[in-house]
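>>> mind folding the following:
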Amino acid sequence: MLRATLFLTIALSVAGCAAPSNSSAGADPFPPTAQVEALRLPFDAYTFSLADMYTISNAEDLLMRKCMVARGHDWAIIKRPTDLKDLRNRRRYGVIESKIAQFGYHVPAGLLSPEGVELAYDKRDSSLSESATEAAFGPDGCGVEVAGQLRPGGDAEPNLLMQKSSASLRDSQSDPRVTDAMSAWRDCMHRKGLEYQDPHGAMSDPKWWANDSSVPSNEEIAVATTDVDCKNQTGLVDVWHAAEVRIQEQEINQDPAYFQTLRTAMNKELDIARGVLGRS
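Numbers count the residues shown, from 1 in each chain. I've put the predicted structure just below:
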């Protein structure tokens, strides 16, 4: 399905997102904290935000409908908001908001993307006949045709950026300031009777995911709440984020041509998408 290009996949994969748990729909059900809004990284300028991706997807839908109608099929248009705040790093350092810890380490539906949009995708996908699915997503389908119209030059090696982003998250944990803050976080958790090496260890504890349940246990909620409290007490997230900023700035300075290529490709795709929307 045309939910996103590889750039959105990158954004989510490096953020450590787990499967969403159920939540009622509503306007801004999870307002971000000031800390979350401030979590911007240098690499963000070279990947699409969710608002950017929705702009492109809205254009994709218009082109898909034109192509599908020409092949004798319908294509439902999904209304996606394009005025969203850029919160792509909300889960990069695990759960960092007390209110979100009420869901344990599960991601409540609507936290990372509007729940109504995801439901609309599911409704459209389930309504497609076998022949319509082939027309849309087959080797010679409309999806391929539309991708060629929006991205005539192809992607500018975004996989390399995903690797660099994962590396900066990993390497930042070797920064002495981060290791000190991580040690303080670990001591804080220990005083509460919890033994985890780092926040990702707490988030990925097999106990939380053993039965594939979307509902967190009371124990999981308690651990997540303590995790957030210890992060706040030690200032871990701010220290960790600052270390990543330094690493990513260095990466950009070492290979400016590559990053400029990424930005040029992004701007071109967005310009094409906006042109499609402007003609609608």
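>>> centre of the chain to stretch 56-67, how far?
Put simply, stretch 56-67 sits 22 Å off its chain's centre (CA atoms, centre = their mean, to the nearest Å).
>>> which residues sit against that stretch?
Applying CB atoms under 8 Å, 6 or more residues apart in numbering, the contact partners of stretch 56-67 are 2-5, 48, 74-75, 77-80, 82, 136, 142-143, 145-146, 149-150, 269-270, 272-274, 276-277, 280. All C-beta spots, glycine's among them, are computed from the backbone N, C-alpha and C.
>>> again, only this time at 6 Å
2, 75, 77, 80, 142, 145-146, 149, 273, 276-277, 280 (CB atoms under 6 Å, 6 or more residues apart in numbering).
>>> could you find the lowest-pLDDT member of the residues you listed?
Ranked by pLDDT, the contacts of stretch 56-67 bottom out at Leu2, which scores 50.
>>> poorly predicted segments of this protein, please.
The chain contains residues with pLDDT under 70 at 1-27, 154-156.
>>> can you say which of the contacts of stretch 56-67 are buried?
2, 75, 80, 142, 146, 273, 276 (16 or more other CB atoms under 10 Å).
>>> could I get the residues you listed as CSV with distance to Asp227 and secondary structure?
Below are the buried ones among the contacts of stretch 56-67 laid out as CSV (distance: CB to CB, whole Å; DSSP: H, G, I helix; E, B strand; the rest coil):
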residue, distance to Asp227, secondary structure
Leu2, 36, coil
Trp75, 44, coil
Arg80, 32, coil
Cys142, 45, helix
Val146, 42, helix
Ala273, 39, helix
Val276, 44, helix
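>>> identify the farthest-apart pair in these.
Arg80 and Cys142 (18.5 Å; CB to CB).
>>> burial of Leu112, as a residue count?
21 (other CB atoms under 10 Å).
>>> one more: the one 5 residues further on?
As a burial measure, the neighbour count of Val117 was computed by other CB under 10 Å and equals 18.
>>> secondary structure class for it?
Three-state assignment for Val117 (DSSP: H, G, I helix; E, B strand; the rest coil): helix.
>>> ditto for Thr82
Per three-state DSSP, Thr82 ends up coil.
>>> residues in contact with it?
So Thr82 contacts 51, 54-55 (CB under 6 Å, 6+ apart).
>>> for these, which single residue is the most surrounded?
Tyr54 (24 neighbours).
>>> sorry, back to before: nearest to Ala181, of the buried ones among the contacts of stretch 56-67?
Arg80 (37.8 Å).
>>> isn't that closest one up against Tyr54?
Yes. If you go by CB atoms under 6 Å, Arg80 and Tyr54 touch, sitting 3.8 Å apart.
>>> picking up where we left off before, farthest-apart pair in the contacts of stretch 56-67, please.
Checking the contacts of stretch 56-67 with CB to CB, the most distant pair is Arg80 and Glu145, at 20.8 Å.
>>> buried sites along whichever strand or helix holds Asn159?
Assigned by DSSP states H and E, Asn159 belongs to helix 158-172. Buried residues in helix 158-172, counting neighbours by 16+ other CB under 10 Å, are found at 158, 161-162, 164-165, 168-169, 172.
>>> same question for stretch 134-146.
135-136, 141-143, 146.
>>> and which of these is nearest Leu119?
For the buried residues of stretch 134-146, the nearest to Leu119 is Ala136 (18.9 Å; CB to CB).
>>> element containing Pro31, please.
Per DSSP H and E, there is no helix or strand for Pro31.
>>> please, where are all the helices along the stretch 151-280 of the chain?
158-172, 176-191, 199-203, 206-209, 218-234, 236-254, 256-278 (DSSP state H, counting those that start in this stretch).
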